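In: take a look and give me a structure for this.
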Amino acid sequence: MIYEWIRHMDFGFPESFGLLALLPILIWWYITNNNRQQARVKVSTIRAFTVRSWKNRFRHLPFIFRLLALTALIFALARPQKRNDQQQTEGEGIDIVLCMDVSGSMGSRDILPSRMEVAKLVAEEFVRSRPVDRIGLVIFSGESFTQCPVTTDRNTLITQIQHLESRRYLKDGTVIGEGLATAVDRLSDSKGKSKVVILLTDGKEDPPETRLIDPLTALEIAKSKGVKVYAIGMGAAPSSIVENTGNVSFKKNPLVDFLDEDLLKKMADETGGQFFRAKDKEGLQDIYRKIDKLEKSKVEVQSFKRYEERFIPFLLAALLFVFLEQLLNFTLFRKFP
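Out: Numbers count the residues shown, from 1 in each chain. Predicted coordinates for the structure are as follows:
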């Protein structure tokens with residue numbers, strides 16, 4: 001405990017430790033002066049002097065207390081302190097809604113460990129990289145749902161992302177339009193300088209009969225609200241197979257063919273955003289990095305150093321050792337003229 005207390009300590013005047021050089025001088029002076037004060041006598045036997053009293057054994061104790069008092073005083077003069085480094089982050093952020101597809105196809109393992117797990121991991125990294133933005137989370141499958149409203153509470157948002165699972169929350173299907181419309185609605189009252197939706201899906205509009213908003217209507221709503229859409233189509237590339245003749249042909253992956261690239265490109269282009277294709281984890285990470293560069297926030301970081309003075313314990317220790325020295329000198333080791 002004492003070691004940890006000292007280990008995290010800084011000193012305001014470390015040059016004061018140069019005074020510790022006085023300690024060897026004082027010890028030399030004490031030894032020299034003590035030898036001069038001792039009387040010498042010649043006797044025929046020392047049998048009578050072999051028994052030493054406790055006073056004689058502890059006669060150097062007052063001087064030891066004096067050395068300890070001086071050492072503690074030097075430490076107090078060095079001004080021990082505990083430094084606390086703090087950072088205050090301020091800036092003008094933007095409002096972002098992550099609109100994520102959680103339909104059953106997001107559990108596909110063409111991107112390991114699965115599309116859903118990779119999407120969650122990269123989204124979490126993106127959230128951590130935007131310290132001053134307000135970010136929310138909307139999920140959609142056969143219906144849409146606001147998982148987390150736009151907030152600056154990073155821990156809550158990251159927890160919600162980490163607990164996402166495909167096929168768990170909503171009925172199956174894919175309602176891209178309703179997902180986008182819900183995300184735009186989350187930004188309707190935004191006062192940020194920029195409003196962005198990052199729409200991630202691996203499919204095309206596959207609505208149930210209860211669908212309320214189609215994709216083109218949602219697109220018009222986004223345009224009217226000034227919301228920029230970055231659309232990400234997720235899924236591995238078509239696999240190539242070699243026929244017996246040696247000619248190379250391409251067999252399309254049905255999971256990839258299911259992606260409606262034309263719709264996603266239209267949403268991105270008409271709102272001033274961009275469309276991206278993510279074929280693996282590294283590709284998705286690169287896409288989020290590109291979006292991060294395109295949508296900049298003004299961030300100011302101020303560093304503060306606060307010091308907690310800790311010289312009082314050393315000063316009190318010095319006073320205690322001086323008191324003990326004087327107490328012994330005027331009681332047990334008192335000298336009479």
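In: what about the protein, any weak spots by pLDDT?
Out: Filtered on pLDDT under 70, the chain yields the residue ranges 1-8, 35-55, 85-92, 166-169, 237-257, 297-304, 335-337.
In: can you give me the strands for it?
Out: Taking DSSP state E as the criterion, the chain carries its strands at 9-11, 80-92, 95-101, 134-140, 144-151, 195-201, 228-234, 239-242, 248-251, 275-278, 298-309.
In: check contacts around Asp260.
Out: Contacts for Asp260 (CB atoms under 8 Å, 6 or more residues apart in numbering) come out as Ile176, Gly203, Lys204, Glu205. Every C-beta, even on glycine, is put in place using the N, C-alpha and C of the backbone.
In: please redo it, this time with the cut-off set to 6 Å
Out: Contacts for Asp260 (CB atoms under 6 Å, 6 or more residues apart in numbering) come out as Lys204.
In: for Met229, give the beta-bridge partners.
Out: Heads up, residue 229 is Val, not Met. Val197 (DSSP bridges).
In: okay, now it: neighbour count?
Out: 28 (other CB atoms under 10 Å).
In: likewise for Gln147?
Out: The number of residues packed near Gln147 is 18, by other CB under 10 Å.
In: quick one: it and Val97, what's the gap?
Out: 10 Å (CB to CB, to the nearest Å).
In: what segments of this protein are helices?
Out: Secondary structure of the chain (DSSP state H): helices at 2-7, 22-36, 54-57, 61-77, 115-128, 154-162, 176-186, 215-225, 254-257, 261-271, 281-294, 312-330.
In: possible to save these as TSV with mean neighbour count and distance to Ile198?
Out: Formatted as TSV, those follow (neighbours: other CB atoms under 10 Å; distance: least, CB to CB, whole Å):
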stretch	mean neighbour count	distance to Ile198
helix 2-7	8	45
helix 22-36	11	67
helix 54-57	9	81
helix 61-77	18	57
helix 115-128	20	8
helix 154-162	16	12
helix 176-186	26	9
helix 215-225	18	13
helix 254-257	14	20
helix 261-271	18	11
helix 281-294	16	6
helix 312-330	15	54
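In: turn those into JSON lines, columns for distance to Gly104.
Out: Output for the helices of the chain, formatted as JSON lines (distance: least, CB to CB, whole Å):
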{"stretch": "helix 2-7", "distance to Gly104": "53"}
{"stretch": "helix 22-36", "distance to Gly104": "78"}
{"stretch": "helix 54-57", "distance to Gly104": "87"}
{"stretch": "helix 61-77", "distance to Gly104": "68"}
{"stretch": "helix 115-128", "distance to Gly104": "10"}
{"stretch": "helix 154-162", "distance to Gly104": "19"}
{"stretch": "helix 176-186", "distance to Gly104": "15"}
{"stretch": "helix 215-225", "distance to Gly104": "20"}
{"stretch": "helix 254-257", "distance to Gly104": "11"}
{"stretch": "helix 261-271", "distance to Gly104": "19"}
{"stretch": "helix 281-294", "distance to Gly104": "19"}
{"stretch": "helix 312-330", "distance to Gly104": "65"}
